[in-house]
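Peer 1: Just need the structure, nothing else, for what follows:
(chains A and B)
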Amino acid sequence: MRVLQLHSDWIEYKPVKKEITTAEKCEKKRYRFEDLLVLFVSIEEGDNQKVAEKLIDEVEDFMKKIKANKILIYPYAHLSNNLAKPATALKLLRAMEKYAKQKGIETHRTPFGWCKKFSLSIKGHPLAEQLRVIEPKGKKGKVEDRVSEALKAEEKLKSFWYIIKPDGKMVPVDKFDFSKHKGLEKLARYEIAKSRVVQQVPPHVKLMRKLEIADYEPGSDPGNFRWYPKGALIKSLLEQYVTAKTVEYGAMEVETPVMYDFHHPTLAKYLDRFPARQYVVKSEDKELFLRFSACFGQFLMAHDTQISYRHLPLRIYELTRYSFRREKSGELVGLRRLRAFTMPDCHALCADLEQAKREMIQRFDLCVEILEEGLGLVKGEDYELAIRFTKDFYEENRDFINALIKRMNEPALVEMWEQRFFYFILKWEFNFIDNLDKASALSTDQIDVENGERYGITYIDEKAEKKNPLILHCSPSGAIERCIYAMLEKAYRQQMEGKPPMLPLWLSPTQIRIIPLSDSFLSYAEKMANEIEKNCIRVDIDDRALTMQKKVREAETEWIPYIVVIGKKEVESEILPVRDRKKGKIRRMKLRKLIREIKKETADKPFKPLTLPKHLSQRPQFYG
RNA sequence: GCCCCCGUAGCCUAGCUGGUUAAGGCGUCAGCCUUGUAAGCUGAAGAUCCCGGGUUCGAAUCCCGGCGGGGGCUCCA
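Peer 2: Here you go, the predicted structure:
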């Protein structure tokens, strides 16, 4: 509630014309009051009786000071752009009037719903003009939580847990021998027992800052990160890679809006089927939510697309930058869980279950390839398969489920539901297990049996009839940020095992560091760097006035894969001492051989040039 | 949201059984050194000790409140 309070010598007003049909009755004559407090009142959304009474209490206190005892309550809409409904406003205005009268204040009120003309004379003292703003209790600008039906129901859902072995044998979790499957045991414990008691900062959080990849941004909402140049480069390369692989598989890349109408009928229903919280944004009279995946935009697009059975399976892909999930504040952990994240999201419209199953196998292979060849993760060691489905689905499609597990050739954790609650009948994920034994999903795929119909997505079948397709939802890599989390956690584990921690070569911001022994070798180093750059390899030169030992040390702490020191011997012989991080030794070779080796290892990966100054002396320090 | 923890210079930390001018390391800057594979030397700058209130002769230190951050609980990338 907002009130403009004017201590006036007099006010005159005259109702001119009704503005709304529910306007109060009154005479169209001139009214005049003298020596009083005029209260121009805007009743706002969320105001209530308490607010109304509080306002009068405050006014009463004030009037005691200035020794006045007459007020005029004047409904005045122009103080707010968040007005309450007229019915509520009128109710509260009347309540204020009644409450003030009870306190013994001489109270008048102008009619509600009228266009009035008025003139008044304000007393000249310092306290004569005041604005009062009273907020309902507990409001404080907060939008109330919207908890989807799926989120509520999830708590009641009953699950049965099993392990299915590569040979197709299904055993209850508690009967399975985990001795050779420690990762799977951790996943099972994590998913089922839900006991997570570790109290420490996950290793990747320190690494992401130390390596100047990403950092918290206290100036934003938690879970919205800043990305330093090296991190932005790594992230961008990963994005390019996943996109390229997904397009290669046959997906059409599109781009769709990040925000959608909360009250769009189709979307509202879908929101209720997805267990997530949204950010809400207001725009004019609309209430919008920020997307938590690419489903909305792609489905709305598919709805308007002419599709024949010949086009199926139809694959649509978008790299969402960003997807937003307003996770509860205490849930956010470094790069593992964010509120704004980049998720590749690929849907496939399929004619029927048989086609969907065939398609899912293809996508499964795509996901394995991205994790293993792209991120350098190893199944059974870094990540585990979890499959979730309904009992009915299992009974009718046992062979298919076993085929998926056979492909992985590792036992998989299974969650089986008695009945379907979610919009999918089967879902699988690859779960990364980190150094604190926590599991988080990377790649995932689902068979959705509801949204084809809900979104009115149709294709024309062989008999020229309209049909709703099944929809597969896949994130081939999982969130890009989470991929970086997984690689950092893996690197940390390797360090603990006595191996040098590092990122895959194609993602290392600097691939070769050249260290000239003194300034006199700088020009030779520059020449070398140019040659290397021509071959699409990221190189930099440590030209700072430091000792060679110190420069080597810093290059090592930056996890640079190849370090080359240049001095008199190298200039004369052209044989380079290449400090190879992975092999842990210095290998002597010609520049050409080093270039060839790197190009070979990064051959099928995207390349981007270094986005930092080539000379270390020109680089600012972003962290520490 | 609930529970726990934390808040001292760009970063990491000391001081926190109250008591001179808040200490050190890293980094930054200036100068020297021109280096042979993981830390060269000297000097300088840099701190509203998160904010507000209280207790006290005296608060970075104790108490209360707030703000900010992190971690845990639920698991959707």
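
Peer 1: Burial check on the residue nearest to residue A:214 when sequence neighbours are not counted, number of neighbours?
Peer 2: Leaving aside its chain neighbours, residue A:214 sits nearest to residue A:231 (4.4 Å; criterion: Cβ to Cβ, 6 or more residues apart in numbering). Using the backbone N, CA and C atoms, a C-beta is placed for each residue, glycine as well. Counted by other Cβ atoms under 10 Å, the residues lying close to residue A:231 total 23.

Peer 1: mind checking which helix or strand residue A:231 is in?
Peer 2: helix A:229-249 (DSSP states H and E).

Peer 1: which residues are contacting that helix?
Peer 2: Contacts with helix A:229-249, where a contact means Cβ atoms under 8 Å, 6 or more residues apart in numbering, come from A:208, A:211-214, A:227, A:253, A:315, A:317, A:319, A:321, A:342, A:344, A:346, A:362-363, A:366, A:369-370, A:374, A:476-477, A:480-481, A:483-484, A:503, A:506-507, A:509, A:605-608, A:610-612, A:622.

Peer 1: change it to 6 Å
Peer 2: The contact list for helix A:229-249, computed with Cβ atoms under 6 Å, 6 or more residues apart in numbering, reads A:212-214, A:253, A:317, A:319, A:344, A:346, A:366, A:370, A:374, A:476-477, A:480, A:483, A:507, A:509, A:606, A:608, A:611-612.

Peer 1: Mind giving me the ChimeraX select for those, buried ones only?
Peer 2: Here is the ChimeraX command that selects the buried residues among these (16 or more other Cβ atoms under 10 Å):
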select /A:212,213,214,317,319,344,346,366,370,374,476,477,480,483,507,509,606,612
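
Peer 1: Which of the contacts of helix A:229-249 fall within strands?
Peer 2: A:214, A:253, A:317, A:319, A:344, A:346 (DSSP state E).

Peer 1: RNA strand B versus the first one, what's the distance?
Peer 2: Spelled out, it's residue A:214. Per Cβ to the nearest atom of the strand, to the nearest Å, residue A:214 is found 11 Å from RNA strand B.

Peer 1: Which residue ranges make up each domain of chain A?
Peer 2: Taking automatic domain parsing as the reference, chain A has its domains at A:2-133, A:160-258+A:294-487, A:505-618.

Peer 1: quick one: the strands in the stretch 151-300 of chain A?
Peer 2: All strands of the stretch 151-300 of chain A, identified by DSSP state E, counting those that start in this stretch, fall at A:159-164, A:170-172, A:214-216, A:225-227, A:252-253, A:259-261, A:280-283, A:286-290.

Peer 1: between those, which gets the lowest average pLDDT?
Peer 2: Of all the strands of the stretch 151-300 of chain A, the minimum mean pLDDT falls on strand A:280-283 (a mean of 78).

Peer 1: that older thread, where among the domains of chain A is the average confidence lowest?
Peer 2: It's domain A:2-133: among those, that one has the lowest mean pLDDT, namely a mean of 80.

Peer 1: so which of the ones in strands among the contacts of helix A:229-249 comes closest to RNA strand B?
Peer 2: For these, the residue nearest RNA strand B by Cβ to the nearest atom of the strand is residue A:344; the value is 9.0 Å.

Peer 1: Chain neighbours aside, what residue packs nearest to residue A:68?
Peer 2: Residue A:68 sits nearest to residue A:37 (Cβ to Cβ, 6+ apart), 5.8 Å away.

Peer 1: in its sheet, what does the host helix or strand of the one you found sit against?
Peer 2: Element membership for residue A:37, per DSSP H and E: strand A:31-42. Sheet pairing of strand A:31-42 (DSSP bridges) gives strand A:2-18 (antiparallel), strand A:70-75 (parallel).

Peer 1: in that strand, what's buried?
Peer 2: Applying 16+ other Cβ under 10 Å to strand A:31-42 flags A:31, A:33, A:36-42 as buried.

Peer 1: Quick check: residues of the stretch 251-400 of chain A near RNA strand B?
Peer 2: A:275-276, A:292, A:325, A:327-334, A:337-339, A:341, A:343 (Cβ under 7 Å from any atom of the strand).

Peer 1: Mind giving me the PyMOL select for those residues, buried ones only?
Peer 2: Remark: buried members of these, expressed as a PyMOL selection using 16+ other Cβ under 10 Å:
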select buried, chain A and resi 275+276+292+325+327+332+333+334+337+338+339+341+343
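
Peer 1: I'd like the list of the residues of the stretch 251-400 of chain A next to RNA strand B that fall within strands, please.
Peer 2: A:341, A:343.

Peer 1: if I look at residue A:505, how far off is RNA strand B?
Peer 2: From residue A:505 to RNA strand B the distance is 17 Å (Cβ to the nearest atom of the strand).

Peer 1: Let me know whether that residue touches residue A:559 as I believe.
Peer 2: No: counting by Cβ atoms under 6 Å, residue A:505 does not reach residue A:559; the two are 10.7 Å apart.

Peer 1: Can you check which residues contact both of those two?
Peer 2: Counting by Cβ under 6 Å, 6+ apart, residue A:505 and residue A:559 have no common neighbour.

Peer 1: ok, the buried residues of strand A:31-42 vs RNA strand B, which is closest?
Peer 2: residue A:42 (26.1 Å).

Peer 1: is it true that the closest one touches residue A:78?
Peer 2: No: using Cβ under 6 Å, residue A:42 is not in contact with residue A:78; the gap is 7.2 Å.

Peer 1: Tell me the buried residues in the helix holding residue A:231?
Peer 2: A:229-239, A:241-243, A:245-246, A:249.

Peer 1: Stretch A:87-103 now?
Peer 2: Across stretch A:87-103, burial judged by 16+ other Cβ under 10 Å covers A:88-93, A:95-97, A:99-100.

Peer 1: ok so residue A:554 is a helix residue?
Peer 2: Yes: according to DSSP: H, G, I helix; E, B strand; the rest coil, residue A:554 belongs to a helix.

Peer 1: Would you mind naming what in the stretch 401-550 of chain A lies close to RNA strand B?
Peer 2: Residues of the stretch 401-550 of chain A lying near RNA strand B (Cβ under 7 Å from any atom of the strand): A:429, A:436, A:438, A:440-444, A:475, A:478-479, A:481-482, A:500, A:517-520, A:545-550.

Peer 1: if you look at these, which of them are in strands?
Peer 2: Per DSSP E, these map to strands at A:429, A:440-444, A:475.

Peer 1: Tell me which two of those sit farthest apart.
Peer 2: A:440 and A:475 (12.4 Å; Cβ to Cβ).
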